[in-house]
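S.K.: Sequence first, predicted coordinates after that:
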Amino acid sequence: MFNLVLFGPPGSGKGTQSENIVSNYKLDHISTGDLLRDEVSRHTPLGIEAKKFMDQGMLVPDEVVIGMISSRIDENPNSRGFIFDGFPRTRPQAEALDKLLEFKNTAIHLVLSLEVPEPELIKRLISRGETSGRSDDTEEVITRRIKEYHAKTQPVANYYYEHSKLERVVGDNSIPETFKILTKHINKYLLPVT
Ligand code: ADP
């Protein structure tokens, strides 16, 4: 099993690159943003609670997302491995993920961090907001999301750096160029399925 965390600020291209990675390496994709938006659209109790945080650009409480991740892992017992996108976003989430995976006799093998300058992030998110219909892609909420990222999520990179799992990747090249760099790192662990 090979487990990868795709790390980076909002707008860094995690969703796009995850799709490419999933189709080339046949990993199971776990995006907490997508899982939460699905709960919101189904008006589940979890979704109704989560929406209050998401619409303000705040992180949803750790225990909510950790519970969701745990059930997604359990739903895929024969997985080749997982790609975690948008998770972990806090140090407690990173620690909880390590414990969950240890319990399943596996671990996070690699963390790829997409590095994109802030003005480019803001530009991308505002332009996505024009078509995505996402209620959190407005300028005011984007600013808050980036602030949350610096305060709570950036320390997660240090956590994985301390565990010698972090690789930084320049994320403002073209989509195929960025994907090529990501594959160079992944291929050290797992080859694409042809
Ligand atoms: P982006 O990376 O573009 O900001 P996501 O789709 O990953 O967007 O997340 C959207 C929102 O969902 C976040 O702003 C946050 O409110 C919530 N969210 C997603 N993942 C997590 C997580 N791991 N922990 C807490 N909140 C999360």
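M.R.: Great, that's in hand. What you see is a predicted model; the values in this text were computed from it and never measured.

S.K.: Show me the shaky parts of this protein.
M.R.: The chain contains no residues with pLDDT under 70.

S.K.: quick one: the longest helix anywhere in the chain near the ligand?
M.R.: Ranked by residue count, the top helix of the chain under DSSP state H comes out as helix 118-132. No. Figure legend: helix 118-132 not in contact with the ligand (Cβ under 6 Å from any ligand atom); closest approach 7.0 Å. Just so you know, the C-beta spots here come from the backbone N, C-alpha and C atoms, and that holds for glycine as well.

S.K.: ok, the residue in the chain that the ligand sits nearest to - contacts?
M.R.: Of all residues in the chain, the one sitting closest to the ligand is residue 33 (2.0 Å; Cβ to the nearest ligand atom). The contact partners of residue 33, by Cβ atoms under 8 Å, 6 or more residues apart in numbering, come to 15, 85-86.

S.K.: Buried only: go through these for me.
M.R.: 15, 85-86 (16 or more other Cβ atoms under 10 Å).

S.K.: Sort out for me which of those are in strands.
M.R.: Counted as lying in strands by DSSP state E, out of the buried ones among the contacts of residue 33, are residue 85.

S.K.: tell me, which of the buried ones among the contacts of residue 33 make contact with the ligand?
M.R.: Okay, of those touching the ligand (Cβ under 6 Å from any ligand atom), that's residue 86.
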